[in-house]
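Chemist: Sequence below, structure please.
(chains A and B)
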Amino acid sequence: MVTKGSVKGLADRKAIVFIAIIILFIGAVRAYALDSLPMDSTATAPPPLDEGYLSDNEYRDDSIHVVISEGEYNTVHYFCARVTINHASQLRTVPARQVRQADAVFSAWDKNEARAGAMAKAVNAVVAINGDYYTAEKCHVVMRQCTQVRNIASGLFDVLVIDKNGDFDAVYNCTREDYAAYYEAHHDQMYQAFCFGPVLVLNGECVIDDSFRNGYMIADKLTQRVAICQIGPLDYMIIVCDGDAMFYTFGLTIKDFAELCASVGKSVSPEGFRMAYNLDGGNSATLVFKRKNEQGELVYSKLNMPERERDLADLICFVSLGE
Amino acid sequence: MMALNTVEVAGITVTVYALAGILIGIFCIGYAELALRRCFPEGTGVLTGLAAALSGLFFGRVFYCVIQADRLFFDPMGNFAGIGPFFYPDRGSVSVIGVLIGGFLGCLLIARIKKLSIGALLDKAVKPGLLAFALFRFIEPLSGQGYGPTIRSKVFSRVPFAIPGWDEWSLSVCFVEGILLFVVLLTVFRVRLKKDGSLFVLAAVLTALTQILPESLRQDDALRVFVFARVNQLGYTVIWALCGIYLWRKGYNTGNSRNTIAAEASLAFVGILLLIAAEFALDKMNWPKILIYAGMALTLIGIGIILIRALKRADAGGRR
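Modeler: Model (predicted):
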């Protein structure tokens, strides 16, 4: 016999089950949204949260934390951006064409250029730096977002390889055969490959000495420099120093920059950087982060000198996985 | 950026750009026939137009492939992939400089075969040639190219002044180049020169000089060498320099003052150095870009004045 009390009890149990299902569904959606991004495409990430910008030098949400600091080395001003992420897919590369065409691809014919701020905006970057100017003749090895684009390596450059776990590896003085062999052995795990270098720091120690020379990176001149460094799993540091790319009157040589990177590495971790890799410097050196303008709006701003942005061919950025 | 739309024509899928290009080609060949019919046997215009078009396409592709050889003929792992990609229209593009040189050689071939005055033929062919060049520049956005820096002005953020991206508008550099080519075409219509070939040289000089500055604004797949130098800028510089050498030699042979020729050639050489310095400054210096471009424009105008003076002397054929 159905009583009033039993009908109410049944309704309560149904309500509890219904609410539990809703909670599980929301939890599943949240877990899916925070998981990862496609690694084999230039798909745009979710936009960073405005409330995630805790100051002009810090961003934090559930998937990424960025802290920007400044310092001086040999009277040269530099920026450091420490980035910790949840998944390696949050470290992404962007071609300049992305500014004009969503989901642009890296290609051998590409010569597009665009401002770093425009590229960062197009992909919703939290923090970004210039790449290795992949369209230039001197960029001999290119792999982006798991797609192999070019291998005309000639032994002049160290190649940085980032795998799908976000870990750094390098092929030193890479020749075409060296890269082909490396690709043969590791292509399933390869995510990005950059061709500029050199490797500056390895296992905490500076690996550049006074004898290092390379005309392509103007190694012995004072100029702007950029490095991307790995501290640990999904834990990175970007270092950008100021300089003068026209008359080379101030800035850092490659050796000085390597020593700076080693010293910064030791300050953030007892073991120092696992690896620090030099990228295209000079006027290409660009560090982009959102800061409030005079109207109080968050806009992508170039942090390092000079203020004017050079048009770039590609960008390395760190993105959020959204809320 | 405008997507590459395609259409079906007689069962074949072609891009709208290719279809528009074919229509422009047919129209300009027809115009060439009308233009040449007054002075040359019937059919010369069609033959010249076809020869110029085919030769232009061939040499345009050859130039492009030579410059991009390491990307075109090698696969992503650096292994030689054969010469097949030369014939694949979706692999890269053609070089404008190669097209112009090929077009010139096509006209030269017809003049030799038909035993016609090359100067007279070129003078007549230059108008349909310029028209075709200008119209191709106007339709360039259909190929996904032709854009420059971001446009912030709301007034100019519209077709045809700008090309829409997915988030912002970019300057339509190809539209600017097309307008300048129309100005050159109108000049060619108005000017009267005496000697065969003079009108062609004038058109070549004006075309080359007016295209150098807008080429500097391109941010599309235009070929570059040494990081910041555009291949087209180098090519146009070679074109006007060769015209200058031709005019000074002609002037020298007809008794022009050596001092005048030496002064003009030296100033033109200084102009080349200034243009190189301007491109270098755009890349390395933090000076306002508008000032650098103004300097480039003044330099190009100065070179134009020098070469037109030399052309007038050569056309007059007397001592100065």
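
Chemist: all strands in chain B, in order from the N-terminus.
Modeler: B:6-9, B:12-15, B:147-150, B:162-164, B:169-172, B:224-225, B:229-230 (DSSP state E).

Chemist: most tightly surrounded among the ones you listed?
Modeler: strand B:169-172 (a mean of 24; mean count of other Cβ atoms under 10 Å in any protein chain shown). Glycine gets a C-beta too; all of them are placed from N, C-alpha and C.

Chemist: Contacts only, for the residue lying closest to residue B:199 once chain neighbours are set aside.
Modeler: Nearest residue to residue B:199 in three dimensions, chain neighbours excluded: residue B:123, at 4.2 Å (Cβ to Cβ, 6 or more residues apart in numbering or on different chains). Going by Cβ atoms under 8 Å, 6 or more residues apart in numbering or on different chains, residue B:123 touches B:196-200.

Chemist: what about the chain, any weak spots by pLDDT?
Modeler: Just so you know, I chose chain A. A:1-12, A:15, A:17-34 (pLDDT under 70).

Chemist: oops, chain B please
Modeler: B:1-3, B:226-228, B:318-320.

Chemist: and if we set it to 50?
Modeler: Applying pLDDT under 50 to chain B flags the ranges B:1-2, B:319-320.

Chemist: What residues does it have near chain A?
Modeler: Within chain B, the positions near chain A by Cβ under 8 Å from any Cβ of the partner chain are B:1, B:68, B:70-72, B:74, B:76-78, B:91-93, B:144, B:147, B:149-150, B:163, B:165-168, B:170, B:219-225, B:227, B:283-286.

Chemist: Can you flag the buried ones in the residues you listed?
Modeler: Among the residues of chain B next to chain A, those classed as buried by 16 or more other Cβ atoms under 10 Å in any protein chain shown are B:1, B:68, B:71-72, B:74, B:76-78, B:91-93, B:144, B:147, B:149-150, B:163, B:165, B:168, B:170, B:219-224, B:283-285.

Chemist: before we move on, back to that, among the residues of chain B next to chain A, which lie within helices?
Modeler: B:70-72, B:283-284 (DSSP state H).

Chemist: from what I can see residue A:203 touches residue A:272, true?
Modeler: Yes. Distance between residue A:203 and residue A:272: 7.2 Å, which falls inside the contact criterion (Cβ atoms under 8 Å).

Chemist: Of those two, which one has the most company?
Modeler: residue A:272 (23 against 11; other Cβ atoms under 10 Å in any protein chain shown).

Chemist: Isn't the more buried one up against residue A:262?
Modeler: Yes. Counting by Cβ under 8 Å, residue A:272 does reach residue A:262; the two are 6.3 Å apart.

Chemist: what about the nearest residue to residue A:198 once chain neighbours are set aside, how many neighbours?
Modeler: Leaving aside its sequence neighbours, residue A:198 sits nearest to residue A:158 (Cβ to Cβ, 6+ apart; 4.7 Å). Residues within reach of residue A:158, counting by other Cβ under 10 Å, total 20.

Chemist: need the contact list for residue A:158.
Modeler: The contact partners of residue A:158, taken as Cβ under 8 Å, 6+ apart, are A:170-174, A:197-199, A:277.

Chemist: and which of the residues you listed is nearest residue A:255?
Modeler: Residue A:255 has its nearest neighbour among the contacts of residue A:158 in residue A:198, at 10.3 Å by Cβ to Cβ.

Chemist: buried stuff in whichever strand or helix holds residue A:255?
Modeler: According to DSSP states H and E, residue A:255 maps onto helix A:254-268. Neighbour-count burial for helix A:254-268 flags A:254-262, A:264-265, A:268 (criterion: 16+ other Cβ under 10 Å).

Chemist: Quick one: list the elements packing against it.
Modeler: strand A:64-73, strand A:76-85, strand A:199-202, strand A:205-206, strand A:225-232, strand A:235-241, strand A:275-279 (3 or more Cβ pairs under 8 Å, 6 or more residues apart in numbering or on different chains; DSSP states H and E).

Chemist: same thing but 7 Å
Modeler: Counting contacts by 3 or more Cβ pairs under 7 Å, 6 or more residues apart in numbering or on different chains; DSSP states H and E, helix A:254-268 packs against strand A:76-85, strand A:199-202, strand A:205-206, strand A:225-232, strand A:235-241, strand A:275-279.

Chemist: what's the second one packed up against?
Modeler: To tie it back to what came earlier, the one meant is strand A:199-202. helix A:254-268, strand A:275-279.

Chemist: Between strand A:64-73 and the first one, find me the angle.
Modeler: Going back to what we said before, that points to helix A:254-268. Between the axes of helix A:254-268 and strand A:64-73, defined by axes from the mean of the first three to the mean of the last three Cα atoms, to 10 degrees, the angle is 130 degrees.

Chemist: again with the shortest one
Modeler: Orientation note: strand A:275-279 sits at an angle of 80 degrees relative to strand A:64-73 (the same axes, to 10 degrees).

Chemist: Cheers, nothing more for now.
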